[in-house]
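Engineer: Sequence and predicted structure, then a few things I'm wondering about:
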Amino acid sequence: MRSIAGGLFATLLLCLAVVAARAEDVVVLGSASAGGRALVNRPAGPAVAALVLLPGGDGRIGIGADGGLASGANWIARTRGAYVASGIASVLVDAGVPIDVAIAHARTLSSRVVVVAMSRGATRVEGALDHRVDGVVFASAVLDEARAGIGDPARLPPSLLVHHRQDLCAASKPEMAAPFLAWAGGRARIVWIDGGTSQGNPCRPFVHHGFVGREPAVAEAIVAFATTLR
């Protein structure tokens with residue numbers, strides 16, 4: 001990880017790990033044996049919002065009983081501690097956590113709940129929309145698949161797309177953003193990310209698709225969105 005991303009990224013990871021270690025709880029929101037655990041980070045005071053964090057890929061990150069991760073490279077997993085300093089709680093879910101249960105738990109942390117879906121995690125957003133979430137963030141999302149699953153854009157709450165201009169993953173090409181925004185009909189806006197580093201498979205964690213070297217900018221965009229929703 002250090003050789004791929006360099007010293008700046010390593011420092012960021014260390015800072016986030018310290019935050020997570022101080023505030024993180026393991027909760028069971030489904031069958032633990034079937035991947036039903038979640039990691040909860042909460043600020044010291046009342047949370048201004050709670051994020052339900054949906055990892056990419058098949059959603060399996062292997063949260064252990066001790067809070068360890070079998071697969072913690074996913075962008076949304078490795079930056080989960082970035083929000084508490086802004087008064088935002090987060091619930092990082094493993095693949096076996098039902099989306100309605102995750103949202104219900106997030107509501108115990110804050111009355112404002114935002115779903116943040118990374119890459120193929122966006123295909124789970126459809127299941128969240130019947131549970132009155134206040135907003136959705138699509139990060140490096142598979143937008144065509146998400147749009148097909150949601151169907152009617154009227155179902156969308158206020159939404160934010162965060163996308164890297166140099167994302168080379170075939171399932172999340174930057175040019176997919178404009179048709180999604182047009183379909184959303186004013187319910188969504190976009191923040192473009194540039195720069196950072198990229199090495200390896202274009203759909204894996206340590207490339208532009210995973211916002212390597214630009215994690216703070218992505219977290220800042222999510223914080224701004226979550227804290228200004230009405």
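Structural biologist: Nice, thanks for sending it over.

Engineer: C-alpha only now, for contacts and for neighbours.
Structural biologist: Fine.

Engineer: Next secondary structure after the helix or strand of the chain with the lowest mean pLDDT?
Structural biologist: Of all the helices and strands that make up the chain, helix 2-23 has the lowest average by mean pLDDT, DSSP states H and E, namely a mean of 40. Per DSSP states H and E, helix 2-23 leads on to strand 24-28 as the next helix or strand towards the C-terminus.

Engineer: Can you identify the element that follows that next one toward the C-terminus?
Structural biologist: Next helix or strand after strand 24-28 toward the C-terminus (DSSP H and E): strand 37-41.

Engineer: following that next one, which helix or strand comes up?
Structural biologist: strand 49-54.

Engineer: residues in contact with the following helix or strand past that next one?
Structural biologist: Downstream of strand 49-54, the first helix or strand assigned by DSSP H and E is helix 75-78. The contact list for helix 75-78 (CA atoms under 8 Å, 6 or more residues apart in numbering) reads L13, L16, L53, L54, P55, G56, G72, L92, M118, P205, G210, F211.

Engineer: distance of the fifth one from A73?
Structural biologist: The gap separating P55 from A73 is 10 Å, by CA to CA, to the nearest Å.

Engineer: Then G210?
Structural biologist: G210 is 9 Å from A73, by CA to CA.

Engineer: now do A170
Structural biologist: As judged by CA to CA, A170 and A73 stand 20 Å apart.

Engineer: higher neighbour count, the two?
Structural biologist: When neighbours are counted by other CA atoms under 10 Å, A73 comes out ahead of the other of A170 and A73, with 16 against 10.

Engineer: Wait, that one touches V207, no?
Structural biologist: No - contact criterion CA atoms under 8 Å: A73 and V207 do not qualify, at 11.3 Å.

Engineer: G196 against H209, yeah?
Structural biologist: No - using CA under 8 Å, G196 is not in contact with H209, being 10.4 Å away.

Engineer: Which one of these two is surrounded by more residues?
Structural biologist: Looking at G196 and H209 with other CA under 10 Å, you find the greater number of neighbours at H209, namely 27 against 17.

Engineer: Skip the chain neighbours and tell me the closest residue to that one.
Structural biologist: Nearest residue to H209 in three dimensions, chain neighbours excluded: D167, at 5.0 Å (CA to CA, 6 or more residues apart in numbering).

Engineer: which residues touch that neighbour?
Structural biologist: Counting by CA under 8 Å, 6+ apart, D167 has contacts S140, K173, P174, P202, V207, H208, H209.

Engineer: Among those, which one has the most neighbours?
Structural biologist: Highest neighbour count within the contacts of D167, by other CA under 10 Å: S140, with 30 neighbours.

Engineer: Distance of that residue relative to G96?
Structural biologist: 22 Å.

Engineer: what sits against S86?
Structural biologist: Contact analysis of S86 by CA under 8 Å, 6+ apart lists P43, V223.

Engineer: gap between it and V223?
Structural biologist: Plainly put, S86 is 7 Å away from V223 if you go by CA to CA.

Engineer: Over to A34?
Structural biologist: Taking CA to CA as the measure, A34 falls 31 Å from V223.
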